[in-house]
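> quick check, what structure comes out for this input:
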Amino acid sequence: MGKHSRPGPPNQPSRAVPRLNPDDQLAAYHKRRRPPLDIYRRHRPLHGGASHLRPDQPRALEEWDEFSYAPAGTAADLAAAQQWVNERITGESASQHRP
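Here you go, the predicted model:
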């Protein structure tokens with residue numbers, strides 16, 4: 001591994017290089033308001049544990065509110081939760097939520 005190599009999958013953008021618009025005076029503020037790893041919606045098992053275990057159990061749905069993840073509802077199982085997460089990605093343009 002070279003000195004400037006980045007660990008992790010090659011299909012994910014690096015978080016080390018900030019995406020700041022030099023013309024925007026609030027660019028640093030908007031950068032801090034992005035969710036971790038640019039994940040705006042996520043799901044978690046209601047009773048804890050790993051996400052891939054017990055796919056038939058209900059999931060808590062969480063959505064980024066520009067400060068933290070807030071509860072957004074529940075899903076009956078893993079498939080429904082994944083569909084809800086993917087709705088956000090395919091249903092709306094990601095550029096609407098980035099300054």
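> can you give me the helices in this protein?
All helices of the chain, identified by DSSP state H, fall at 27-32, 78-91.
> and those helices: which comes nearest residue 55?
helix 78-91 (3.8 Å; C-beta to C-beta). Just so you know, the C-beta spots here come from the backbone N, C-alpha and C atoms, and that holds for glycine as well.
> can you list the buried residues in that closest one?
78, 81, 84, 85 (16 or more other C-beta atoms under 10 Å).
> do stretch 40-54 as well
Taking 16+ other C-beta under 10 Å as the criterion, stretch 40-54 shows 40, 41, 42, 43, 45 as buried.
> just to revisit the earlier point, turn the helices of the chain into a markdown table, columns for distance to residue 66 and mean pLDDT.
Listed next are the helices of the chain as a markdown table, based on distance: least, C-beta to C-beta, whole Å; pLDDT from 0 to 100:
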| stretch | distance to residue 66 | mean pLDDT |
| --- | --- | --- |
| helix 27-32 | 9 | 74 |
| helix 78-91 | 15 | 83 |
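> quick one: closest of those to residue 52.
That would be helix 78-91 among the helices of the chain, by C-beta to C-beta, at 7.8 Å.
> list the helices and strands the closest one packs on?
Here helix 78-91 touches strand 41-45, strand 59-64, strand 69-75, going by 3 or more C-beta pairs under 8 Å, 6 or more residues apart in numbering; DSSP states H and E.
> could you dump these into JSON lines and include mean pLDDT?
Output for those, formatted as JSON lines (pLDDT from 0 to 100):
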{"stretch": "strand 41-45", "mean pLDDT": "89"}
{"stretch": "strand 59-64", "mean pLDDT": "92"}
{"stretch": "strand 69-75", "mean pLDDT": "93"}
